[in-house]
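**Student:** coords please:
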Amino acid sequence: MDTRVETGPLLVCLVTAASAEEGHRIARALVEEKLAACVNVVAGVRSVYRWQGKVEEAEEVLLVVKTTRGRFAALRERVVSLHSYQVPEVVALPVDAALPAYQAWVQESVAADPAG
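**Tutor:** The predicted model follows:
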């Protein structure tokens, strides 16, 4: 039996950070400010990229951010304000299917406070 549910409102966002400290600081702010339900901080990422016409390599930390479409614009702005990079990676991927209880938890976790 297929127990997946369509979850158009959910997004998984990818953000790279220059260090574990920066990644943790961004992750904590996103969750505390209810812009993300959860952020996985994945160390040991080696990135190869083109920047200002040259191929570069760097050790980075990858943040895997779970949020909703409705919170993405605010999340993106907050990442940019907290990030050390001139052009930080903030990429949103739609979630096609998820456990219904997980979807509900993400939505509840990023919902604005009724009083706020």
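
**Student:** quick one: contacts for the closest residue to residue 26 other than its chain neighbours?
**Tutor:** By the measure of CB to CB, 6 or more residues apart in numbering, the closest residue to residue 26 outside its immediate chain neighbours is residue 82, 5.0 Å from it. Any C-beta I mention is one placed from the backbone N, CA and C, and that applies to glycine too. Contacts for residue 82 (CB atoms under 8 Å, 6 or more residues apart in numbering) come out as 25-26, 29.

**Student:** most surrounded residue in the residues you listed?
**Tutor:** Highest neighbour count within the contacts of residue 82, by other CB atoms under 10 Å: residue 26, with 25 neighbours.

**Student:** so it is in which element?
**Tutor:** In the assignment (DSSP states H and E), residue 26 maps to helix 20-32.

**Student:** tell me the helix or strand right after that helix.
**Tutor:** Using DSSP H and E, the helix or strand that directly follows helix 20-32 along the chain is strand 38-51.

**Student:** so the helix or strand following that following strand versus helix 20-32, what angle?
**Tutor:** Next along the chain after strand 38-51, taking DSSP H and E as the criterion, comes strand 54-68. Interaxial angle of strand 54-68 relative to helix 20-32 (axes from the mean of the first three to the mean of the last three CA atoms, to 10 degrees): 20 degrees.
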